[in-house]
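A.B. asks: Structure here, sequence nowhere to be found:
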C-alpha cells in the first residue's frame, strides 16, 4: 500500500492548475429545488479528465442530488451541466455516457453475476463474443472469476460491492459515479477496498466522481475534494490543502479534529498576524498570506497533532498556553490530552504513544503547557 | 416443548370441527351408495362416474375455466398497471381519491356490482353470454390484483429500475427486464387470487351471464334448488380436491425455494 502512495506523489497530477485545460465536466450555476427546499444552490464546479473527485458533506448537503443530476435522474431547476461541450439537459439517463454505482448496489437479484455485468452491454446490442470477453475482463479486474454463475444473494457484502463496480465499469463510461460505494462494508474491508478503487481508477484512466460523508475515505481516494454544506460548495482543493489550509471553520471542523480559538485580529507584520483571544493573555501568532483587518473577529484553527504538550515551560515557542489536563483520550496508537485553559477554553493536544502506558509522565490534573509554531495554525475569517 | 393441555386440545378440536365438519360431511356423502343424500347406504364411487358423464357439468366447468383464465389475466395486467401508477406517480391532485376508487369495488356489495353491470350491458345492447361474464369478472377482480401487486411494490427498491436505465434501458424496457421479473411472484399471486375469485363467483355471474354461458357455481346452485343430489356432492369434492392440491403444492414449492435461498445465503456469508 505504501508504494501506491509514493507513486502518487512522484507523478504530479493537477490539471486544474492549468487554465488552458478544458474540464470534462462542468456545473454552471446549477440550482436544484424540490418544492421550497433548495438542494443545490447556484453551484459552479469543474471536474477534469482522469480525476478522482470526491463530493464530501453531511447528509442533506446536496451531494447525492448532484450525482443524480449527473446520472440524469434529476434535472437542474436552473443552470447547465456540460459534459465536454454537450449540455446534458436533453439526454435521458439511458443515453448518457455516464454510469453509476448505487449505494445499495442494486444488483438485479434474478440475474447471475455474469448477467448483471453483461446487462449494460446487451442493451447496446454488442456482439455476443465482445460481451463475453468484456465480462471476463471485468470479472478478472475485480477478481471474481470463480463467482460468475452465482446469484447476488449468494455473495458476501464485499463481493456484491465488486460486482456492482464491475457492472458500472463494463460499458467504459466517460464518467463513473460512485454513491457512497463503501458505506455498507466494515472498516477493515472498506480501507482495503479504497486502495483497490484507486488502483482500478489509475489502471483504467477513467474519471471517477465519488459521493461520501466519510472524510477519511475522501482523503484517501480523491485527487480533489469538494466540501459541501446546504447545497453550496465551501471549498474545493486537494486533500492535503483542505486539511492543512481550510478556508472556513466549517471545513476545518468537518475534516478531522481541530482546535478553534476565537479572537480579534491585532497587528499584522509581514506574514504574521496576531490574535487577541482573551483578557490578560499573550497574543497568538499565526502565519497568513492575507491582510486581515485589525479589530475583525477571526479564528485560529490548529490541528491537535500539531500542538505539543509538556510539564516544563518550552524554551522557545510562538504560542504557549498554560492549563490543566482535564481528560485523556487513549486510542492505543495516540493519546489526546484535553487541556483546560484558565478561561475555560479546551485545547486538544495529540501525542503518539511511543512508550508503554506506564512510562507516560503526564496525567490527569497536571499543570501543563501546550504550544505550537505560528506556521502550524491557520487564520480563518469565516 | 408445549405439554399436553386439555384446554388447548379442546379449543383446537372445536375450532377444526367448526371449520371442517361441513366439508367433511360433503366428502363422506359423496361416496354414498344411496340416491338419498342423508341416508347412508354403503360405500360407492358411482357418483363420480356419473359426474364425468354429465355433459352439463363438463360444459359448465369448461366455461368457468375459460372465464377464469381470461379474466384473471386481463385483471392482473390492469391491476399491475394501476399498482405501478400508485407507487410511482408520487403525490398528485386527487391521488387519495384515485387510490380509494381502485380499492372501493372490494367493499362494494356484489349484488350492486352485478346489477350495475347488468344495466350497463343492457343499455349498451350487449348480448349477454361468455364475454359479459368475463368482463364482469375483470371488473371486480382487478382491484384484488392491484392490492396484491402494490403491496409488493411498496418494498420494491427504485434503484433497481434506475440502475437498469443507467445501463441503457428505456423506462419501459427497464420495467420488462428488471421490475417485472423481480415482482413476478406477486403478479402470479395476484393472478391466482383473481382466478379463484372468478372460479367461485355466483352472484355477479348470475347477473352478467346469459344463455349458453353457465359457470360451475351457477350450475351447482341451480341443481341444488331442485334438490341436493349425490352427484353435486361428488362434483364439490372434486373441486375441494383440486383447490387443496393447488394450494398445498404452491406453498410447498415456496417453502422449498425459501429454504434453498436461506442455505445459499448462509454459505455466502460463511465463505
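C.D. replies: Okay, I see it. Please read all numbers here as calculations on a predicted model, not as lab measurements.

A.B. asks: Skipping adjacent residues, who's closest to the residue nearest to the spatial centre of chain A in space?
C.D. replies: Nearest residue to the geometric centre of chain A (CA atoms, centre = their mean): residue A:218, 2.8 Å. Leaving aside its sequence neighbours, residue A:218 sits nearest to residue A:54 (CB to CB, 6 or more residues apart in numbering or on different chains; 3.9 Å). C-beta: built from backbone N, CA, C; applies to glycine.

A.B. asks: what packs against the helix or strand containing that neighbour?
C.D. replies: Using DSSP states H and E, residue A:54 falls within strand A:52-56. On a contact count with 3 or more CB pairs under 8 Å, 6 or more residues apart in numbering or on different chains; DSSP states H and E, strand A:52-56 meets helix A:63-71, strand A:207-212, helix A:215-221, strand A:224-229.

A.B. asks: I'd like to know which of the ones you listed lies nearest to residue B:95.
C.D. replies: Residue B:95 lies closest to helix A:63-71 among the helices and strands packed on strand A:52-56, at 23.5 Å (CB to CB).

A.B. asks: okay, the angle between that closest one and strand A:52-56?
C.D. replies: Between helix A:63-71 and strand A:52-56, the angle formed by their directions is 140 degrees, by axes from the mean of the first three to the mean of the last three CA atoms, to 10 degrees.

A.B. asks: who's in contact with helix A:63-71?
C.D. replies: With contacts defined as CB atoms under 8 Å, 6 or more residues apart in numbering or on different chains, helix A:63-71 is touched by A:25, A:27, A:30, A:32, A:39-40, A:43, A:55-57, A:74-76, A:81, A:88, A:93, A:96, A:98, A:100, A:175, A:177, A:179, A:209, A:211, A:213, A:228, A:231, B:162, B:166.

A.B. asks: which regions of chain B lie under the pLDDT threshold?
C.D. replies: For chain B, applying pLDDT under 70 flags the ranges B:1-2, B:264-265, B:267-271.

A.B. asks: Is the residue nearest to residue A:218 in contact with residue A:227, as I believe?
C.D. replies: No. Counting by CB atoms under 8 Å, residue A:54 does not reach residue A:227; the two are 9.1 Å apart.

A.B. asks: Counting neighbours, what do you get for the residue in the stretch 251-382 of chain A that chain B sits nearest to?
C.D. replies: Per CB to the nearest CB, residue A:254 is where the stretch 251-382 of chain A lies closest to chain B, at 27.2 Å. Residues lying near residue A:254 (other CB atoms under 10 Å in any protein chain shown) number 22.

A.B. asks: check contacts around it.
C.D. replies: Neighbouring residues of residue A:254 by CB under 8 Å, 6+ apart: A:56, A:57, A:58, A:215, A:227, A:229.

A.B. asks: Out of those residues, which end up buried?
C.D. replies: For the contacts of residue A:254, a neighbour count by 16 or more other CB atoms under 10 Å in any protein chain shown gives the buried set as A:56, A:57, A:215, A:227, A:229.

A.B. asks: Now tabulate those in a markdown table and tack on pLDDT.
C.D. replies: Formatted as a markdown table, the buried ones among the contacts of residue A:254 follow (pLDDT from 0 to 100):
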| residue | pLDDT |
| --- | --- |
| A:56 | 92 |
| A:57 | 90 |
| A:215 | 88 |
| A:227 | 93 |
| A:229 | 91 |
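
A.B. asks: Quickly name whichever of these is closest to residue B:155.
C.D. replies: Nearest to residue B:155 out of these is residue A:57 (CB to CB; 29.0 Å).

A.B. asks: The residue nearest to the centre of chain A and residue A:211 touch, don't they?
C.D. replies: No. Residue A:218 lies out of contact with residue A:211 (CB under 8 Å); the separation is 9.5 Å.

A.B. asks: any common contacting residues for the two?
C.D. replies: Common neighbours of residue A:218 and residue A:211 (CB under 8 Å, 6+ apart) are residue A:54.

A.B. asks: what helix or strand is the residue most central in space within chain B on?
C.D. replies: Nearest to the geometric centre of chain B sits residue B:196, at 2.0 Å (CA atoms, centre = their mean). Assigned by DSSP H and E, residue B:196 falls within helix B:180-199.

A.B. asks: What residues of that helix count as buried?
C.D. replies: Of all the residues in helix B:180-199, those buried under the rule 16+ other CB under 10 Å are B:182-183, B:186-187, B:189-199.
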